[in-house]
Structure formats: structure tokens, C-alpha cells
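Q: Generate coordinates for the sequence data below:
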Amino acid sequence: MRRVVGFSDLVHEEARRAEGLTALSRVALIAGTARDLNALAAEAGREVGEALGATGFALALHQPGQEVCQTLWLGPDVGQRAFDDPALHRALAAEAMSLGRALTVDKPRAVGAVRTAMDGAGLRALVAVPLRVRERCIGSVHLGLAHREALTPAQLGLLGDMAAHLASAAEAQRLLGQDPQPGATAAHYADLRALTAQLGHAQARLAEQERLASLGELSSVVAHELRNSLGALENVLALLRHDLPQRGDLPALMGVAEEELGRMNAVVGDLLGFAQPLHARPSPTAILPLVEAVARSARAGALSQGIFIETLVDAALPELWIDARLMRQALLNLASNGVEAMPQGGKLVIAARRQDPWLRIEVSDEGCGIPEDIAQRIFEPFVTSKLTGVGLGLSLVARVVAQHRGRIEVSAGDGGGTTIAVSLPLQDDPRAK
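A: Okay, the predicted model is just below:
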């Protein structure tokens, strides 16, 4: 029993970590692309507040000759006026910058303007984290907590990581807002803004990779635990089939149990596959045979559903330097999804054509389309609108395409349905370079 409780705790801990990394990636992207301090505070503040369960967020900056404080209230309107009090944030920023580390003030220890504001805003605690650029402290981030008296150590660590992105963004905004120095040109400032945006995207990609690594670890743990239990159930079922008289409904019921065990084993296989690192082993690959192989495999389950599969491959397409096995699996996942989207029958088209500097492969169905609430997230792990499966098929597609430095696009068909296009770079055999 203790082992089961520990496993459950691990699952919840990994899930929380994954959620935190997702929030961090969003804050990193906002920090790199926010147009000004107002947008930075509003957009990043909402992400930080929602990730950490805060009611209020403030970005307090100390600049030479002036102080700047941008606040965002996430709770009921009744407490906003008290949280916006400049005296509150001056006092909190001064203490956090003096300490040089995270500071938590609960209500019993609060005094003066801080206590007055906490009473008016209905807050139980305030958290402040300094904003540092290199060795210089430029301000602090403040969170108001209405429903608890502290953040956990993991949440404080997450807030510290978020604060590092916000500090860099705030300093970049300050530099961009300065009057040009002698010899500086508008191009220099444009370059600085572009580099800042590029850094934000890079940081977001890094955080996303960390999130996927966390999900991979969790998937591996879950899959191994389930595989052990499923193995035991399969053994018990085999013994029952051997020892019990096969009369009445028993054979049919045992058949259902075996079918469900097979389905669960397939899910476990998907989880273990997701947990494994993906390493492409490219070689020169002809596109027509690849597309035809995908179509043959997809037809096996499509004909009985009244689904016709057509291939349209341009003549004289060049070979691509790809991992044929991985790409075949990715395209088959797309085709299988298209087939499943047409339970009443229809037509699936797999097309390939040259579109310099890419070779574009499209999989189009006549199904019901993708629900709007998940349309922007269909390539994320564990996102699905289907009643069965765990939502890893399209995630695998995205990983395979990324390994080949390609890109993937989703669009709605003119007459309904969905088209997913995979674009792969046309390139020479790298062995010749």
C-alpha cells in the first residue's frame, strides 16, 4: 500500500512540474515579445498569477530618478484599490531589494502601509522576489495571496525563474526607451529589439523541451507500473480460461477482457514510446514508395468503413535525406487520424509535391474537423478529442518533423474536413559536404 501512495505522489508531483514548465515557457515568450512595460506586466502577470494561485501581481521597478510600478489585480474588484496603493509596493520593494532574496510577509507580521493594504485587499500573504540584471537589482515582483500564507519551495523556485525573464525584459525595455546615444542609429535599436524577441523564443523552446522531458519521465513511470499490473492480469485471465468450463457467456466475456487488456497494452506501448528519446537515422528516401506504403497500411482499416484513399504524388520528386521508418510512422499517424475522423465514410488524400525550398506532403480528410478548444494544442502530448487513446499520435508527428528540421501546418478544408501539411527541407546528401 505504501508503494501505491508513493507512486500517486510522484504522478501528482510530475504533473505539477509539467504545468509549471508550461507557464514558464509562456512567461519567457511574453518577456521576449512584450511591446512595453504595460504589456509585460499585464500579460506576464496573468500567467504568473494563474500558475501560482495569486490574487494580485505587481512589477515594481527602481530606475534612476524615478520609480515605476505596474499592477494587475486578478481577484474580486473590492480589493483592487488597496492592492494598487504605491506605499505598499514601495515598502515591499525596498525590503526585497535590501535582502536580495525572496521575501514572504504573512498578515500577522505585516505592519504599517503593508498591513493596511493587506487588510483592504483581503490578502493573507505577500511574496516579493528581487529582479536582478547581472549583479544589479532593478526592482521586484510582488504577488498577493488571498487563500494561503506562503508558496511552496518549488513554487518559489518557479517564481524565481520567471523573475529572471522579467528582469531581462524590463531592462531591455529601459534601454529601448532611452534617447539614442551619439553614434547610435535606429538600426542598432531595431537589432536589439529583434535579438530580445529571438531570445524570448529560444527561452520558450528550452522551457518546452524541459516540459516534454518531465512528461516523458512521468510517462515512463506510469507505463512501467501499468505493464507490471497488466502482465499479472493476463496471467490470471489465461489461468481462468484454462481452468474454468467454457460455458454460456463466459467465452465472450473473457474475449472482451482480453480485448481490453490488449487495448491497455497498446496505450502502455504509446507511453513508453513517448518516453524514449527520438533519434532520426536519415538516408536517401524516395517519396513515392513512402507515400504508397503509408496508403497501403491505412487502407487495411479504411475499406470496411467505406473510406477511399487516394495518393497524388508529383512526378520526378527528388529523394529526401530522412529517416524513412520514423517518417512513415508519422504519416501513418496522420492518415489513421483522418480515417478515424470519417466514421460514416469519405475520402482521404495523401499528396506530395515540390514547393521550393520544401517538399510538401499533405494528408486531407473529409471528417468533422478539429474542435476549436484544442485546435491550437493538437500537437501537444495528451491532447485529444477522441474517446480512446491518450493523445500521443500527433505529438509523435510533431517530434519526427522537428527532428527533420521541417514544419507542420493545419488548415480546414474548403468543403469541411482537415488538411495537415508536413513540409520537409530539400537538401543534398550531407555526406557529400
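Q: so where's the stretch 301-433 of the chain shaky on pLDDT?
A: By pLDDT under 70, the low-scoring segments of the stretch 301-433 of the chain are 373-375, 381-392, 413-415, 428-433.
Q: Now do the strands in it.
A: Read by DSSP state E, counting those that start in this stretch, the stretch 301-433 of the chain holds these strands, from start to end of the chain: 307-313, 320-322, 346-355, 358-364, 407-412, 418-425.
Q: Just tell me which of those ends up closest to residue 147.
A: Evaluated over the strands of the stretch 301-433 of the chain, closeness to residue 147 peaks at strand 407-412, with 38.7 Å, by CB to CB. Glycine gets a C-beta too; all of them are placed from N, C-alpha and C.
Q: how about the strands of the stretch 301-433 of the chain, which one is nearest residue 144?
A: Of all these, the one in closest proximity to residue 144, counting by CB to CB, is strand 407-412 (39.5 Å).
Q: So in that sheet, which strands flank that closest one, and in what orientation?
A: Using DSSP bridges, the strands paired with strand 407-412 are strand 418-425 (antiparallel).
Q: Could you pull out the buried residues of the strand it pairs with?
A: For strand 418-425, burial by neighbour count (16 or more other CB atoms under 10 Å) applies to 418, 419, 420, 421, 422, 423, 424.
Q: for those residues, which one is nearest residue 320?
A: Minimum distance to residue 320 across those is 5.8 Å, recorded for residue 424 (CB to CB).
Q: gap between the closest residue to the closest one other than its chain neighbours and residue 315?
A: Nearest-residue entry for residue 424: residue 406, 4.4 Å, with adjacent residues in sequence omitted and distances by CB to CB, 6 or more residues apart in numbering. Per CB to CB, to the nearest Å, residue 406 is found 22 Å from residue 315.
Q: Same check on residue 230?
A: 48 Å.
Q: same check, this time on residue 125
A: Distance, residue 125 to residue 315, using CB to CB: 69 Å.
Q: between those two, who's got more neighbours?
A: Between residue 125 and residue 315, counting by other CB atoms under 10 Å, residue 125 is the more crowded of the two (22 against 5).
Q: phi, psi of that one?
A: Recorded main-chain torsions at residue 125 are phi -160, psi 160, according to degrees, to the nearest 10.
Q: Quick check: bridge partners of it?
A: Under the criterion DSSP bridges, residue 125 forms beta bridges with residue 106, residue 145.
Q: go on, the one 4 residues further on?
A: Taking DSSP bridges, one obtains residue 141 as the residues bridged to residue 129.
Q: show me what contacts it?
A: With contacts defined as CB atoms under 8 Å, 6 or more residues apart in numbering, the neighbours of residue 129 are 96, 102, 103, 140, 141, 156, 159, 160, 163.
Q: Strands - which of those residues land there?
A: Secondary structure assignment (DSSP state E) places 103, 140, 141 from these within strands.
Q: any idea how far residue 376 is from residue 410?
A: Residue 376 sits 9 Å away from residue 410, taking CB to CB as the criterion.
Q: what does residue 309 give?
A: 20 Å.
Q: More neighbours: those two, which one.
A: Of the pair residue 309 and residue 410, residue 309 is the one with more neighbours under other CB under 10 Å, namely 20 against 14.
Q: Quick one: mean pLDDT for the helix or strand hosting residue 265?
A: Taking DSSP states H and E as the definition, residue 265 sits inside helix 250-275. Within the predicted structure, the mean pLDDT of helix 250-275 is 74.
Q: Check the offset of the helix or strand following it from the chain's centre.
A: Scanning the chain past helix 250-275 towards its C-terminal end, the next helix or strand to appear is strand 283-285 (assignment: DSSP H and E). For strand 283-285, the distance between its averaged C-alpha position and the chain's averaged C-alpha position is 31 Å (CA atoms, centre = their mean, to the nearest Å).
Q: follow-up on the earlier one: check the contacts of residue 129 and tell me the two furthest apart.
A: For those, with distances taken as CB to CB, the pair at the greatest spread is 140 and 156 (13.7 Å).
Q: ok, the two, which is more surrounded?
A: Applying other CB under 10 Å to residue 140 and residue 156 shows that residue 140 carries more neighbours, namely 30 against 17.
Q: The residue nearest to that one when sequence neighbours are not counted: what's it in contact with?
A: Counting by CB to CB, 6+ apart, residue 140 lies nearest to residue 96, which is 4.2 Å off, once chain neighbours are set aside. Residues counted as contacts of residue 96 (CB under 8 Å, 6+ apart) are 102, 103, 128, 129, 130, 140, 142.
Q: ok, so what distance separates residue 357 from residue 425?
A: For residue 357, the distance to residue 425 under the criterion CB to CB works out to 6 Å.
Q: do the same with residue 418
A: Noted for residue 418: a distance of 24 Å to residue 425, by CB to CB.
Q: Tell me the pLDDT of residue 296.
A: What the model reports for residue 296 is a pLDDT of 90.
Q: helices or strands next to the one helix or strand it maps to in the packing?
A: Take DSSP H and E as the rule and residue 296 turns out to sit in helix 287-302. Helix 287-302 sits against strand 307-313, helix 324-340, strand 346-355, strand 358-364, with contacts defined as 3 or more CB pairs under 8 Å, 6 or more residues apart in numbering; DSSP states H and E.
Q: try it again with 7 Å
A: For helix 287-302, the packing partners by 3 or more CB pairs under 7 Å, 6 or more residues apart in numbering; DSSP states H and E come out as strand 307-313, helix 324-340, strand 346-355.
Q: hmm, who's touching it?
A: Residues from elsewhere that reach helix 287-302 (CB atoms under 7 Å, 6 or more residues apart in numbering): 309, 311, 313, 317, 320, 324, 327-328, 331-332, 335-336, 339, 348, 350, 352, 359.
Q: Mark which of the residues you listed are buried, thanks.
A: The neighbour-count criterion (16+ other CB under 10 Å) marks 309, 313, 317, 320, 324, 327-328, 331-332, 335-336, 339, 348, 350, 352, 359 among the contacts of helix 287-302 as buried.
Q: Please consider this matter closed, and thank you.
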